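Engineer: Sequence below, structure please.
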Amino acid sequence: MQEKAYMSIRASLLGFIMKLTVKKQFDALDGTVEAVTAFRKTMANSAQLSGAIPDKVSSTPQKLNGVPCEWVTVEGIDQNRVLVYLHGGGYAMGGPDSHRDIAWRLSEAGGMRVLMVDYRLAPEDPFPAAVDDATNCYRWLVNEGFDPERIAIGGDSAGGGLAAALLVNLKNLGLPRPGCAILLSPWTDLSVSGESVKSNAKADVVLTERALVTMADHYLGERDRKAPLASPLFADLAGLPPILVQVGSTEILFSDSEAFVKKVKTAGGKVTLEIFPKMPHVFQVFAARIPEGRDAIKKLGQFLLDNA
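Structural biologist: Here you go, the predicted model:
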């Protein structure tokens, strides 16, 4: 589904700033741990763009099966419904601090608790550490008595790809299927072979092909770039729960979303693709600054209410 080709002034300004700053920083990433560590600090500082967290929001750290997590809830939501949220950051950066704003907004919009998984990061802990951590957290929820049909899986960018990989892994392990999933600009192809990697190279205001290749190298090392639990685009996608995918039309990861949705449909799955013209990569995290982000989160919230 293509949204109206309208872009707010705030979104235009945000894209301009990101192209001059964040995109250059991503493209400058090299293969050293020091470079990744430095960029982690930059990403943490970008959380300031999200604004202050309201008093109605509570956040509580907890380890689930040894994995550090953070519960984020808004007053008045259903405590028995859970969104397991996996942050983006190329599998090498990000965490609760960078994604707390979108977590509380999803909690409010979807009327449910949000569990942010602070999964292990590459290059210190490469694939499949992130998949294992996400799986162990879901297993904890099920073992604690949470109804799988009232659990949703979500994530953005690399976290969106990880969310898709988690769905595949749960199916492979014979664990109960969650109610639904929301994927925001998911990175589903770590071989970086999507057509939009080239066609949207200039238009994308955040990511570059070089940055994707570097982060894939950190995460996978010498492993196969098309391994199903690293690149879920190449997995068996039959039997997955309902999925909503949101992506910007000018992202270099556009093909990752488009191809993933097509393959899920071919496998008989229920999946919806929402395309937002000219929106930057994971624009939803800037909901405090741009109306398009708030509108997208409303759609995500309604999907969660309808399916989990």
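Engineer: And the strands in the stretch 1-150 of the chain?
Structural biologist: 57-64, 67-74, 78-86, 112-117 (DSSP state E, counting those that start in this stretch).
Engineer: ah, wrong one, I meant the stretch 151-300 of the chain
Structural biologist: 151-156, 180-184, 243-248, 271-276.
Engineer: For V57, which of those is the nearest?
Structural biologist: In terms of C-beta to C-beta, the element of the strands of the stretch 151-300 of the chain nearest to V57 is strand 151-156, at 17.3 Å. For glycine as for every other residue, the C-beta is placed from the backbone atoms N, C-alpha and C.
Engineer: in its sheet, what does the closest one sit against?
Structural biologist: If you go by DSSP bridges, strand 151-156 pairs up with strand 78-86 (parallel), strand 180-184 (parallel).
Engineer: Among those strands, show me which one is buried the most.
Structural biologist: Mean neighbours per residue, mean count of other C-beta atoms under 10 Å, is largest over those for strand 180-184, with a mean of 29.
Engineer: Tell me if I'm right that K63 and C69 touch.
Structural biologist: Yes - between K63 and C69 there is a contact under C-beta atoms under 8 Å: 6.9 Å.
Engineer: And the two? Which one has more around it.
Structural biologist: C69 (22 against 11; other C-beta atoms under 10 Å).
Engineer: and that one, what are its bridge partners?
Structural biologist: Bridge pairing for C69 - DSSP bridges - gives Q62, V117.
Engineer: could the strands paired with strand 151-156 be laid out in CSV, adding mean pLDDT and distance to E222?
Structural biologist: Formatted as CSV, the strands paired with strand 151-156 follow (pLDDT from 0 to 100; distance: least, C-beta to C-beta, whole Å):
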stretch, mean pLDDT, distance to E222
strand 78-86, 98, 24
strand 180-184, 98, 27
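Engineer: okay if I get those strands as CSV plus distance to I275?
Structural biologist: Conversion of the strands paired with strand 151-156 to CSV gives the following (distance: least, C-beta to C-beta, whole Å):
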stretch, distance to I275
strand 78-86, 22
strand 180-184, 12
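Engineer: still on that earlier bit, and of the strands of the stretch 1-150 of the chain, who's closest to V33?
Structural biologist: V33 lies closest, by C-beta to C-beta, to one member of these: strand 67-74, at 20.5 Å.
Engineer: Could you check the angle that closest one makes with strand 57-64?
Structural biologist: Angle, strand 67-74 to strand 57-64, by axes from the mean of the first three to the mean of the last three C-alpha atoms, to 10 degrees: 160 degrees.
Engineer: so where's the stretch 151-300 of the chain uncertain?
Structural biologist: Nowhere does the stretch 151-300 of the chain drop to pLDDT under 70.
Engineer: 90 instead?
Structural biologist: 206 (pLDDT under 90).
Engineer: need the contact list for R105.
Structural biologist: A287, R294, I297 (C-beta atoms under 8 Å, 6 or more residues apart in numbering).
Engineer: that older thread, let's have the strands of the stretch 1-150 of the chain in TSV, adding distance to V33.
Structural biologist: Shown next, in TSV, are the strands of the stretch 1-150 of the chain (distance: least, C-beta to C-beta, whole Å):
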stretch	distance to V33
strand 57-64	25
strand 67-74	20
strand 78-86	22
strand 112-117	22
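Engineer: Quick one: closest of those to D204.
Structural biologist: Between these, strand 78-86 lies closest to D204; by C-beta to C-beta that is 21.8 Å.
Engineer: returning to that earlier point: can you lay out the strands of the stretch 151-300 of the chain as CSV showing distance to L207?
Structural biologist: What follows is the strands of the stretch 151-300 of the chain, written out as CSV (distance: least, C-beta to C-beta, whole Å):
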stretch, distance to L207
strand 151-156, 12
strand 180-184, 14
strand 243-248, 11
strand 271-276, 16
